[in-house]
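> A predicted structure for the sequence below; I have some questions about it.
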Amino acid sequence: MSKTQAQLRKVGHVEGAPTTEVWGRLCARLRGELGEAVYSSWFTRLELDRIDHGCAFLSVPTKFLKSWIQAHYFEKLCAALLAEIPEVSEVVLDLRAAGRMTTPTTDKIDDGISSLSARSNRASEEMPASGSLTKSAIAGFEGSHLDRRLTFSTFLVGQSNQLAYAAAQQICQESSGGRSLFNPLYVHSNVGLGKTHLIQAIAHSVAASGRRVIYLTAEKFMYGFVNALKSQNSIAFKEKLRAIDVLVIDDVQFLQGKTIQHEFCHTLNALIESGRQVVIAGDRMPSDLENLDERVRSRFGGGLCVEIQALDEALRTKILEARISVAKSAQPGFDVSKAVVAMVARSIQTNGRDIDGAVNRLLAHTTLAGSILTLEAAEAAIRDLVRARDPKRVKIEDIQKLVATHFNVSRADILSSRRTANVVRPRQIAMYLSKTMTLRSLPEIGRRFGGRDHTTVLHAVRKIEGLVSNDSTLSEELELLKRLLSD
């Protein structure tokens, strides 16, 4: 028994369901201790189900996620629980039932732009998916679950996702065996903007046309490959994957491990060279997927890379109206004025999940509280969802370009091995800004600066830090560059 587990077993116990506030603090603690990348990769689907007689019951949806957390992060998880909930004496991590629904704001539906009724949604979750969708006519190999709600008919199109939607439609219209111009198709966006909905719609449409398709999350691909290695059946695993017409991969940013990434790259190459279609979704552009091998990122960039941008107000309004229509079919007394719709669409600028949450709050205000939904009441109901805009995410490439322009050198000069004074100082400043304005590690920054060692980056950062305190002109220049990058 570990020291942390021993400490957990010494304390008392409480009973009941954890509060949202406590769970929020626990998640914030994990995010702070482990870093945003690790937390996003492994803990976003972790749930604290209940606390019973001092035992905290947590759950995750897949065996792979459970085994990974237990093997790599269980001690830190126990420590975080002990810090936030001292009464806990034992921690149990288990699998979540396959059909269990999560809360509306964290549902796996990536954009929440379906327009079916809540009753139909529940029925579709309980109904087993057809073999052509989950197994793609490949005997013995099971893909990830496809949500029947996520089709082209329920995907709402606006200016922010029009290009991605058109590319997806083009892929589905191509005849079997034809070589696509958009191969692979790489779709990226922040969470809740519709990329999972779009690529699942592609899988549904391709399967309906009789072509062989398989939809996999990166996690499912890793789990399948590791199992194939353990059972000494990796050749059959590769052959089955390469026998399909369309491969759809979701959440590729979670792909881990050099061996797995190499096999993934070989699979992509084999499919693309044989004229088969590959569709991939990630949370950022390929060049920003620092954990992926260079060859994988290069292959992604060789096709069509499209971004689903933030929902514009017109699209947010369409989503709201569709959501309200669904809610009204279940609760006929639920009525939302055009002024309230306009206010909500203007106020919530994040993603479809927050829009879902807003409709739920408005519905609760009218049906549970029995109050009239005035504009003031609606503003109060959604207050917790109206956030300040996230600060702009600064990219290393943007820093390099701005610094190069400011000091009248080229970006190629900054990345080169030139050691002249007019290049060295801008390079050091760019490295300093990359360290202070991004979350990238020193080795990652070094790699992005022409493959330099992390000690070179550290030297540059310390050099600029030492100069700033005595050079007011340099200090002013740095502040100007920071403002320009943040705007």
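Structure's in. What do you need?
> Show me the domain layout of this protein.
Annotated domains of the chain cover 3-95, 110-307, 313-385, 396-486 [automatic domain parsing].
> now those as CSV including mean pLDDT and mean neighbour count?
C-beta coordinates here come from the backbone N, C-alpha and C atoms, glycine included. Formatted as CSV, these follow (pLDDT from 0 to 100; neighbours: other C-beta atoms under 10 Å):
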stretch, mean pLDDT, mean neighbour count
domain 3-95, 74, 16
domain 110-307, 74, 19
domain 313-385, 82, 17
domain 396-486, 88, 16
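> Using the three-state scheme, assign Glu87.
For Glu87, the secondary structure call by DSSP: H, G, I helix; E, B strand; the rest coil comes out as coil.
> Roughly how far does it sit from Gly54?
As judged by C-beta to C-beta, to the nearest Å, Glu87 and Gly54 stand 6 Å apart.
> Kindly report the same for Val246.
50 Å.
> cool, and Val278?
Here the criterion is C-beta to C-beta. By it, Val278 lies 49 Å from Gly54.
> what do you get for Ile445?
For Ile445, the distance to Gly54 - C-beta to C-beta - is 45 Å.
> Next: Thr473.
As judged by C-beta to C-beta, Thr473 and Gly54 stand 62 Å apart.
> just His72 next, same as before
Applying C-beta to C-beta, the value for His72 to Gly54 is 25 Å.
> likewise Ala83?
The spacing between Ala83 and Gly54, counted by C-beta to C-beta, is 16 Å.
> Spell out the residue ranges of the helices in the stretch 101-250 of the chain.
118-126, 131-134, 162-173, 195-208, 218-230, 234-241 (DSSP state H, counting those that start in this stretch).
> mind giving me JSON lines with the ones you listed and columns for distance to Ala270?
Conversion of these to JSON lines gives the following (distance: least, C-beta to C-beta, whole Å):
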{"stretch": "helix 118-126", "distance to Ala270": "34"}
{"stretch": "helix 131-134", "distance to Ala270": "23"}
{"stretch": "helix 162-173", "distance to Ala270": "19"}
{"stretch": "helix 195-208", "distance to Ala270": "19"}
{"stretch": "helix 218-230", "distance to Ala270": "14"}
{"stretch": "helix 234-241", "distance to Ala270": "8"}
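> Compare those helices and give me the one nearest Val344.
With C-beta to C-beta, the closest approach to Val344 among those belongs to helix 118-126: 19.0 Å.
> For Asn291, grab phi and psi.
Dihedral pair for Asn291: phi -80, psi -10, per degrees, to the nearest 10.
> looking at it, it is touching Gln253, isn't it?
Yes - between Asn291 and Gln253 there is a contact under C-beta atoms under 8 Å: 7.3 Å.
> all strands of the protein, in order?
In the chain, the strands defined using DSSP state E lie at 47-52, 55-60, 90-95, 185-188, 213-217, 246-250, 277-282, 304-307.
> Adjacent strands (with direction) for the fifth one?
Looking back up the chat, that one is strand 213-217. Strand 213-217 has its sheet partners listed here by DSSP bridges as strand 246-250 (parallel).
> quick one: the strand it pairs with to helix 162-173, angle?
With axes from the mean of the first three to the mean of the last three C-alpha atoms, to 10 degrees applied, the angle from strand 246-250 to helix 162-173 works out at 150 degrees.
> contacting residues around strand 246-250?
Strand 246-250 is contacted from outside by 144, 171, 195-196, 199-200, 202-203, 206, 211-218, 221, 241, 267, 271, 276-281, using C-beta atoms under 8 Å, 6 or more residues apart in numbering.
> if you set the cut-off to 7 Å instead, what comes out?
Applying C-beta atoms under 7 Å, 6 or more residues apart in numbering, the contact partners of strand 246-250 are 196, 199, 202-203, 206, 211, 213-218, 221, 241, 271, 276-281.
> could you check the angle strand 277-282 makes with that strand?
Put simply, strand 246-250 runs at 0 degrees to strand 277-282, going by the same axes, to 10 degrees.
> now strand 246-250, how far from the centre of its chain.
Centre-to-centre, strand 246-250 and its host chain are 16 Å apart (C-alpha atoms, centre = their mean, to the nearest Å).
> now the angle between helix 218-230 and it, please.
Between strand 246-250 and helix 218-230, the angle comes out at 110 degrees (the same axes, to 10 degrees).
> Number the chain from 38, please
Okay, using 38 as the starting number, the last item reads as strand 283-287.
> Can I get strand 283-287 in CSV, CA atoms only?
Output in CSV follows, covering the C-alpha atoms of strand 283-287 (Å, rounded to 0.1, in the frame of the first residue of the first chain):
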residue,chain,number,x,y,z
VAL,A,283,-12.7,5.1,-45.4
LEU,A,284,-10.9,5.4,-42.1
VAL,A,285,-12.3,8.1,-39.7
ILE,A,286,-10.1,9.0,-36.7
ASP,A,287,-11.2,11.3,-33.9
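> returning to what we had before: make CSV from the strands of the chain and add distance to Ser268 to it.
Formatted as CSV, the strands of the chain follow (distance: least, C-beta to C-beta, whole Å):
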stretch, distance to Ser268
strand 84-89, 30
strand 92-97, 23
strand 127-132, 21
strand 222-225, 31
strand 250-254, 18
strand 283-287, 22
strand 314-319, 26
strand 341-344, 36
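> So for Arg383, which of those sits nearest?
Of all the strands of the chain, strand 341-344 comes closest under C-beta to C-beta, at 23.2 Å.
> Check which helices and strands that closest one is in contact with.
helix 199-210, strand 222-225 (3 or more C-beta pairs under 7 Å, 6 or more residues apart in numbering; DSSP states H and E).
> Let me see the contact set for the nearest residue to Arg332 once chain neighbours are set aside.
Once flanking residues are discounted, Arg332 sits nearest to Cys302: 5.2 Å by C-beta to C-beta, 6 or more residues apart in numbering. For Cys302, the contacting residues are 330, 332-333, 336, by C-beta under 7 Å, 6+ apart.
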